[in-house]
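A.B. asks: fold the stuff below for me.
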Amino acid sequence: MNPEDLLRMIDILHREKDIPKETLFLGLEDAIATAVRKRLGVGEDLVVKISRQSGEIAVEDADGEYEMDLQDLGRIAAQACKQAFLQKVREAERDVLYDEYETRVGSLVNGTVQRFDNDNLVINLGRTEAFLPREERVRGETFAPGDRIRAIVLEVRKDGPRVRIIVSRTHPDLVRRLFELEVPEIADNIIEIKRVVREPGYRTKMAVISADPKIDCIGACVGVRGSRIKAVIDELRGERIDIIRWSDSLEQLVMNGLKPASIQLDNIYANVDNHSVVVVVDEDQQSLAIGKKGQNVRLASRLCGWDIDIKTRDEFETEGFEPGEGSPSAGGASSPAGEAPAEEGDDKSEEPAAAALSRVANAPPSSSG
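C.D. replies: So this is what the prediction gives:
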């Protein structure tokens, strides 16, 4: 190979595989050096240098420079050189892909369903493939080869000579990223998504807050005639989405989180000791607050970070707790929401429930799907 062809080959590999030219030069130098050592029977001190400008190859060791044509290496040595260089290229390509997708963990990717591999759905991302395992797929969703698909990058790892990319359709961040695409105010940091909790395929609750009091955070996420939220629901194939207003007040957050049930603030009783909340509802609101198979109260509990117990007024009074006394406590005093007792060992005699909530509000979103 003449110097011009060598430089042309390096440039083509650089552009097609996005591998740095210096990495390609170093890999080729190492492969040629290995072949020359075997051909000449010399030690490890022999090195090969390729001029980055002219493409000229120089072979030298401690005794000086060798005058030789690489075509004189012979077929076996040339084949070994080729295999060694291709191995270096594959490793470099793997490292480039790993570095690219490792920084995209938690980001949205678009791909095309390619095939099934046992329980995995193989997705073509263009330059590489990703795997959607059965446990990361939403129950009831079906895909066929050629279908377009969106998913969240969940994990990236090196698997031998390849990069294995695991994606998810059940992660709560999928909903977060879809709303970031549909709602410009979120991308502009005017509206913040505080927390997303999901039961994939069934229901999602998302708490949002606006940094601009003139902008309605819920209305912006819903869009004109529901256009924005409809686009997200269509992508999630009909999954219900409840958008609620975030509040630093535990009582207000619980009330918002239990919608569509109608709850009164003075019927919410928090117990900081066991991190639980008792909510008293009218009988006609009990089923709405609990939801189908407990789904509504379960999601609301995860959204707030507190255990929520729904009781009717009769149940609440039957257990011996009058409104205003506080919720039942299994081993400590109790108080109405907003006047939670201090935790054991705390110097303060009182701690507002909202202050206890702040620890939850600063925690990262749940990823338990």
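
A.B. asks: what pLDDT, on average, does the lengthiest helix in the chain get?
C.D. replies: If you go by DSSP state H, the chain has its longest helix at helix 75-102. If you average the pLDDT over helix 75-102, you get 86.

A.B. asks: element containing Val196, please.
C.D. replies: Using DSSP states H and E, Val196 sits in strand 191-199.

A.B. asks: adjacent strands (with direction) for the next helix or strand along the chain from that strand?
C.D. replies: Using DSSP H and E, the next helix or strand after strand 191-199 towards the C-terminus is strand 203-210. Using DSSP bridges, the strands paired with strand 203-210 in its sheet are strand 191-199 (antiparallel), strand 240-245 (parallel).

A.B. asks: now Pro200: closest residue in space, sequence neighbours ignored.
C.D. replies: Counting by C-beta to C-beta, 6 or more residues apart in numbering, Pro200 lies nearest to Thr170, which is 4.0 Å off, once chain neighbours are set aside. In short, each C-beta sits where N, CA and C put it, glycine included.

A.B. asks: ditto for Asn189
C.D. replies: Ala211 (7.0 Å).

A.B. asks: need the contact list for that neighbour.
C.D. replies: Ala211 makes contact with 189-192, according to C-beta atoms under 8 Å, 6 or more residues apart in numbering.

A.B. asks: now do the helices in the chain.
C.D. replies: 3-17, 21-40, 75-102, 172-182, 184-187, 217-222, 227-235, 250-257, 283-290, 295-304, 313-318, 353-361.

A.B. asks: which of the ones you listed sits closest to Lys205?
C.D. replies: helix 295-304 (4.6 Å; C-beta to C-beta).

A.B. asks: output the contacting helices and strands for that closest one.
C.D. replies: In terms of contacts (3 or more C-beta pairs under 8 Å, 6 or more residues apart in numbering; DSSP states H and E), helix 295-304 is packed against strand 191-199, strand 203-210, helix 250-257, helix 283-290, strand 307-312.

A.B. asks: if you set the cut-off to 6 Å instead, what comes out?
C.D. replies: strand 191-199, strand 203-210, helix 250-257, strand 307-312 (3 or more C-beta pairs under 6 Å, 6 or more residues apart in numbering; DSSP states H and E).

A.B. asks: between the longest one and helix 295-304, how many degrees?
C.D. replies: Relative orientation of strand 191-199 with respect to helix 295-304: 130 degrees, computed using axes from the mean of the first three to the mean of the last three C-alpha atoms, to 10 degrees.

A.B. asks: can you tell me how far Gln235 sits from Val183?
C.D. replies: Actually, residue 235 is Glu. It isn't Gln. 14 Å (C-beta to C-beta, to the nearest Å).

A.B. asks: which one of those two has more residues nearby?
C.D. replies: Using other C-beta atoms under 10 Å as the criterion, Glu235 and Val183 rank with Val183 on top: 23 against 16.
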